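S.K.: Build me a model:
(chains A, B, C and D)
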Number of protein chains: 2
Amino acid sequence: MIKAERQQRIISHITKDQKVLLGDLSVLLNVSEDTVRRDIKELSDQGLLKAVRGGAILNSPIPRHFRDREHYDVSHKKIIAEKATSLIKDGQVVLFDSGTSALAVASHIPRDRRITVITNSFPVATVLEDHPNAEVLFIGGRLNKTAFSTSGHEVIQTLSTIRPDLCFLGICSIDINLGVTGQDYEDAQVKRKMVENAKQVIALSTLEKMGRAEHYQICSIDAIDIIITDEDPQHEELAAFTEIGIKVI
Amino acid sequence: MIKAERQQRIISHITKDQKVLLGDLSVLLNVSEDTVRRDIKELSDQGLLKAVRGGAILNSPIPRHFRDREHYDVSHKKIIAEKATSLIKDGQVVLFDSGTSALAVASHIPRDRRITVITNSFPVATVLEDHPNAEVLFIGGRLNKTAFSTSGHEVIQTLSTIRPDLCFLGICSIDINLGVTGQDYEDAQVKRKMVENAKQVIALSTLEKMGRAEHYQICSIDAIDIIITDEDPQHEELAAFTEIGIKVI
DNA sequence: GTATAATTTGCATAATATTGCAAGTTGTTT
DNA sequence: AAACAACTTGCAATATTATGCAAATTATAC
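M.R.: The predicted structure is shown next:
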């Protein structure tokens, strides 16, 4: 087996499994671990993957832990995303928060929709890289390495100068009395500011997030205009929201 | 068997099997390996396949998504990067511009260096994802999808509020009389602002970028404190810079 | 047809690249 | 801190490639 072929197989393996181990490849390709290590180093220099201790992982601009969460719940997210994109009209200015739900929506925006996207999320900006008709404004600030989004004072400052048509809000917990709440203080502050200025706020939530509350309040329930879930809008748990005038999709 | 026929059979083999080996073809086509090698070289020059050590493979088995990231290639900029990182001291605030040279430097920052990085480049921010001691401040603005960095008024605005210790500037063209120039107007404006506020400006440049000039000026030559190249600092082409007091590494 | 030039091919040899191994170093785990 | 795994570096054995050259083949002109 020649080098070029080995390296191709390494690439195809890593694309499939997200990661490769030196030992596995050594057996599979029938060469020493040193050789595999050198192959991985070369591919890594070309930016085709990322060499790590013990093997290599996929080199994606979207951080790994983020992608794990993303894959976690794909089918539900897809239903939500499809409902959500139908709300986006040509020419609108749309604000995306930094959660995986908003990311799912962003990645499902039809390619012929001509919009301006504002976000503080690297993954959102990244998936829009090859959307031909989306202008992206990125909100600067201190980079939060776990969520891979910016937060802090500058973000809030910037948000207060923007009045988007739509705001897609990934929900941590939502309750009809306590409103929308989050686990992280900084993140909650950012989300609160997003809600404050948007003309229309769209909450993205699965059913199990309802009727719960976290430590930090983002907004009261009447700040929400539309709730999108992965269930039928007629579902009994959603009735309460409909009754107080929130549109449930 | 004439040459043209051989080459056709090589092509058809490779489309079937994805790869061909010199030895196999030599036996099959009943010519020496040297001849096969020469045939493959010709086909390779025509772009019909890719010559590799030991044979040839199909031209582009690597997915487009990965190939797009070829500009992440840092191997040839490694020399510059290693010289550059030695200038970065603990506790400093370091500004990185959006070019590939600056990216190479960012990706070589030692993991124990405790610094604050400011940048408008997604790739720079991304490679610092798993740097445990780098705080990253991202400069928001309109996203430029080709360079994957932000630019425009907001970026310049933000830059004017920052006084970094170091600024790493990827150079497009540099000339001792005309100073540093760039091809893109927006980008040049951003770079100019970066240079303006930084305490120390470090130009990253390969030799062939010297003595040339582009349309848009970024700064005059005396705004540059240090020039880092991939060559020996004693190189004759660099003497002129040394003479006017610029440190060349 | 014959002579001449141009191309192609194979071989010898020198230069490069690849690979596995060993010894020493660094990083991780318990 | 010890034990272990992974990595780095240098080296030697082997394999591949580049190059110059000469023989063989093909094309072209006369």
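S.K.: who touches the residue in chain A that DNA strand D sits nearest to in this structure?
M.R.: As assessed by Cβ to the nearest atom of the strand, DNA strand D sits closest to A:Arg53 within chain A, at 3.6 Å. From N, CA and C alone the C-beta is placed, and that goes for glycine too. Residues in contact with A:Arg53 (Cβ atoms under 8 Å, 6 or more residues apart in numbering or on different chains): none are found.
S.K.: What parts of chain A come near chain B?
M.R.: When proximity is defined by Cβ under 8 Å from any Cβ of the partner chain, chain A lies next to chain B at A:2-5, A:8, A:11, A:15, A:45-48, A:59, A:61, A:63, A:120, A:122, A:125-126, A:129-130, A:135-143, A:145, A:148, A:150, A:154-155, A:158.
S.K.: Just the buried subset of the residues you listed, please.
M.R.: A:2, A:4-5, A:8, A:11, A:46-48, A:59, A:61, A:63, A:120, A:122, A:125-126, A:136-143, A:145, A:148, A:150, A:154-155, A:158 (16 or more other Cβ atoms under 10 Å in any protein chain shown).
S.K.: burial of the closest residue in space to A:Ala198 that isn't next to it in sequence, as a residue count?
M.R.: Take A:Ala198 and drop its neighbours on the chain: the residue closest to it by Cβ to Cβ, 6 or more residues apart in numbering or on different chains is A:Cys167, 3.4 Å away. Neighbourhood size, A:Cys167 [other Cβ atoms under 10 Å in any protein chain shown]: 28.
S.K.: that's a strand at A:Cys167, yeah?
M.R.: Yes - A:Cys167 forms part of a strand when assessed by DSSP: H, G, I helix; E, B strand; the rest coil.
S.K.: So what pairs up with it in the strands?
M.R.: A:Leu95, A:Val201 (DSSP bridges).
S.K.: Please work out which helix or strand belonging to chain A has the smallest mean pLDDT.
M.R.: Using mean pLDDT, DSSP states H and E, the weakest-scoring helix or strand in chain A turns out to be helix A:64-72, at a mean of 55.
S.K.: Please state the offset of stretch A:112-127 from the chain centre?
M.R.: Remark: stretch A:112-127 is offset 10 Å from the chain centroid, using Cα atoms, centre = their mean, to the nearest Å.
S.K.: May I have it as CSV, with CA atoms only?
M.R.: Extracted C-alpha coordinates of stretch A:112-127, given in CSV (Å, rounded to 0.1, in the frame of the first residue of the first chain):
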residue,chain,number,x,y,z
ASP,A,112,-32.4,31.8,-2.2
ARG,A,113,-33.5,33.8,0.9
ARG,A,114,-31.9,37.1,0.9
ILE,A,115,-31.3,38.3,4.5
THR,A,116,-29.0,39.9,6.9
VAL,A,117,-28.0,37.7,9.8
ILE,A,118,-26.7,39.1,13.1
THR,A,119,-25.1,36.8,15.5
ASN,A,120,-22.6,36.3,18.2
SER,A,121,-22.1,32.6,17.5
PHE,A,122,-19.1,31.3,15.5
PRO,A,123,-21.0,28.2,14.4
VAL,A,124,-23.9,30.2,13.1
ALA,A,125,-21.5,32.4,11.1
THR,A,126,-19.7,29.4,9.9
VAL,A,127,-22.7,27.5,8.5
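S.K.: Name the residues of it that come out as buried.
M.R.: A:113, A:115-127.
S.K.: quick one: low-confidence parts of chain A?
M.R.: Chain A contains residues with pLDDT under 70 at A:60-75.
S.K.: Do you have the helices of it handy? List them.
M.R.: With DSSP state H, the ranges of helices along chain A come out as A:3-17, A:22-29, A:33-45, A:64-72, A:74-85, A:100-107, A:122-127, A:153-159, A:185-197, A:239-243.
S.K.: Now distance to B:Arg192 too, for the ones you listed, in JSON lines please.
M.R.: Formatted as JSON lines, these follow (distance: least, Cβ to Cβ, whole Å):
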{"stretch": "helix A:3-17", "distance to B:Arg192": "41"}
{"stretch": "helix A:22-29", "distance to B:Arg192": "47"}
{"stretch": "helix A:33-45", "distance to B:Arg192": "32"}
{"stretch": "helix A:64-72", "distance to B:Arg192": "35"}
{"stretch": "helix A:74-85", "distance to B:Arg192": "40"}
{"stretch": "helix A:100-107", "distance to B:Arg192": "33"}
{"stretch": "helix A:122-127", "distance to B:Arg192": "25"}
{"stretch": "helix A:153-159", "distance to B:Arg192": "22"}
{"stretch": "helix A:185-197", "distance to B:Arg192": "31"}
{"stretch": "helix A:239-243", "distance to B:Arg192": "52"}
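S.K.: Before I go, just wanted to say thanks for your time.
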